[in-house]
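Peer 1: 3D, please:
(chains A and B)
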Amino acid sequence: MSKKKLRIIGYAILLLLVTISLITPAFAQGEEPTDDEVNKIAKQLYCPVCESTPLDVCPTEACRQWRELIRTQLAEGKSEDEIKQYFVTQYGARVLDEPPNRWASYLVPVVAFLLGAFMLFRGFRMWLKPAGARPAEIKNDAKPVPQDDYIQKMEEELKRRK
Amino acid sequence: MTESTNNAPERKGVPMWAQVIIWVFLAGLLVIVAMGLNRAQQGTIQPGQEVDDFALPLFSGYEYEGKSEVHLEDFRGKVVVINFWASWCKPCEQEAADLQRAWEEYGPTGEVIFLGVDYVDTEPEARVYLKKFGITFPNGPDLATRISQYFRIKGVPETYFIDREGVLHYVQVGPFTSLQQIKNIIDPMLAE
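Peer 2: The predicted structure is shown next:
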């Protein structure tokens, strides 16, 4: 076989391989996703038009269009996360059944709760133990507290004058 | 007599700086809650209010003077008609032809601009809708529903008429029933 013929066969094989490599993903992407696959993603999304109704059971035309969009994107080979991200970009984060994990949305109620609990604790403690009302001080048999010299002299002077 | 006063234990309170921080924080929290409630109670943006600038990306084939994104500020000095619609919205179909006729009448004057804002829709269906009603004025998606949230629309269709100074002049909730109805709103705005 001449070199020329070998080269032509080589090019033909190369062309065939390239064609196969291009066609194979197209077959994979062209597969029609099942309703279950569509609904698996749809039930994680909410249409802003229909309040509190997950997309998989929402009967409106808008939701039907969204489900078809999910089907189209699945057929194009997009992942679940990519599809959800597309919906967030197009329609906002409120389409997700769980809001994005924003630290502020958790931090504010937690801090407010802790602050409230702290203030209640302090309030109750002050209410139960008013200042100066120590049990040792209100008992009659409590030991006299030592006084300073000046007060002692004053009291002795007063006793003498009586 | 003097025992109890002399020996009263000193109360250790929260330091002043901590009290100030706590009260400032609580006041801030109350302000945030109040603002949220106030906003929730407000209806749509009211006529007489100046409309803030926003960006509207446009569908391919529905650009404005070659721009794929327009800003409200670009149209200062013109009457702006912002129409919220969706392909799944049946009442929107009632007014689509009248809006297009109004655009054909006012568009060439250069004094009025129509902007279609496609609310919570899918692009393929939106394109079918635009083609079906022969709509040619600039149209684009309400990405992340930012524009509709700003105007606090109650549904579609809704149409907002903004005067040359950028102040909201009139809000049409629901579909127009005739071309004349649209003209009756725009003509006085142009005469001002």
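Peer 1: distance of A:Cys50 from chain B?
Peer 2: Distance of A:Cys50 to chain B, given as C-beta to the nearest C-beta, to the nearest Å: 10 Å. For glycine as for every other residue, the C-beta is placed from the backbone atoms N, C-alpha and C.
Peer 1: that residue touches A:Glu61, doesn't it?
Peer 2: No. A:Cys50 is beyond contact range of A:Glu61, at 10.7 Å (criterion: C-beta atoms under 8 Å).
Peer 1: now the most centrally placed residue in chain B. Nearest residue, chain neighbours left out?
Peer 2: Centroid-nearest residue in chain B, with C-alpha atoms, centre = their mean: B:Phe151, separated by 2.5 Å. Nearest residue to B:Phe151 in three dimensions, chain neighbours excluded: B:Ile45, at 5.3 Å (C-beta to C-beta, 6 or more residues apart in numbering or on different chains).
Peer 1: does the one you found count as helix, strand or coil?
Peer 2: coil (DSSP: H, G, I helix; E, B strand; the rest coil).
Peer 1: contacts only, for it.
Peer 2: B:Val51, B:Tyr150, B:Phe151, B:Arg152, B:Tyr160, B:Leu168, B:Val171 (C-beta atoms under 8 Å, 6 or more residues apart in numbering or on different chains).
Peer 1: among those residues, which two are most distant?
Peer 2: For the contacts of B:Ile45, the farthest-apart pair by C-beta to C-beta is B:Tyr150 and B:Val171; their separation is 13.3 Å.
Peer 1: more crowded one of these two?
Peer 2: Between B:Tyr150 and B:Val171, B:Val171 has the larger neighbour count (other C-beta atoms under 10 Å in any protein chain shown), namely 18 against 13.
Peer 1: touching, the more buried one and B:Gly48? I think so.
Peer 2: No. Counting by C-beta under 8 Å, B:Val171 stays clear of B:Gly48, with 11.1 Å between them.
Peer 1: and the helix with the most length in chain B, how far out from the chain's middle?
Peer 2: Counting by DSSP state H, the longest helix found in chain B is helix B:16-41. Here the centre of helix B:16-41 is set off from its chain's centre by 27 Å, with C-alpha atoms, centre = their mean, to the nearest Å.
Peer 1: does any part of it sit near chain A?
Peer 2: Yes. Against chain A, helix B:16-41 shows contacts by C-beta under 8 Å from any C-beta of the partner chain at B:Ile22, B:Phe25, B:Leu26, B:Leu29.
Peer 1: packing partners of that helix?
Peer 2: Judged by 3 or more C-beta pairs under 8 Å, 6 or more residues apart in numbering or on different chains; DSSP states H and E, helix B:16-41 is in contact with helix A:103-128.
Peer 1: got the angle for the helix it packs on vs helix B:16-41?
Peer 2: Going by axes from the mean of the first three to the mean of the last three C-alpha atoms, to 10 degrees, helix A:103-128 is angled at 120 degrees with respect to helix B:16-41.
Peer 1: go ahead and confirm A:Ala75 touches A:Glu37.
Peer 2: No. The criterion here is C-beta under 8 Å, and A:Ala75 misses it with A:Glu37 at 9.9 Å.
Peer 1: buried sites along stretch A:107-126?
Peer 2: By 16 or more other C-beta atoms under 10 Å in any protein chain shown, stretch A:107-126 has no buried positions at all.
Peer 1: swap in stretch B:87-98?
Peer 2: B:Ser87, B:Trp88, B:Cys89, B:Cys92, B:Glu95, B:Ala96, B:Asp98.
Peer 1: output it as PDB, nothing but the C-alphas.
Peer 2: What follows is stretch B:87-98, C-alpha atoms only, in PDB (Å, rounded to 0.1, in the frame of the first residue of the first chain):
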ATOM      1  CA  SER B  87     -46.400  35.300  28.300                       C
ATOM      2  CA  TRP B  88     -48.600  33.200  30.700                       C
ATOM      3  CA  CYS B  89     -50.800  36.200  31.500                       C
ATOM      4  CA  LYS B  90     -54.100  36.100  29.600                       C
ATOM      5  CA  PRO B  91     -55.100  39.700  30.500                       C
ATOM      6  CA  CYS B  92     -51.800  40.900  29.100                       C
ATOM      7  CA  GLU B  93     -52.900  39.600  25.700                       C
ATOM      8  CA  GLN B  94     -55.900  42.000  25.700                       C
ATOM      9  CA  GLU B  95     -53.700  45.100  25.700                       C
ATOM     10  CA  ALA B  96     -50.700  43.900  23.700                       C
ATOM     11  CA  ALA B  97     -51.900  45.100  20.400                       C
ATOM     12  CA  ASP B  98     -53.000  48.500  21.800                       C
END
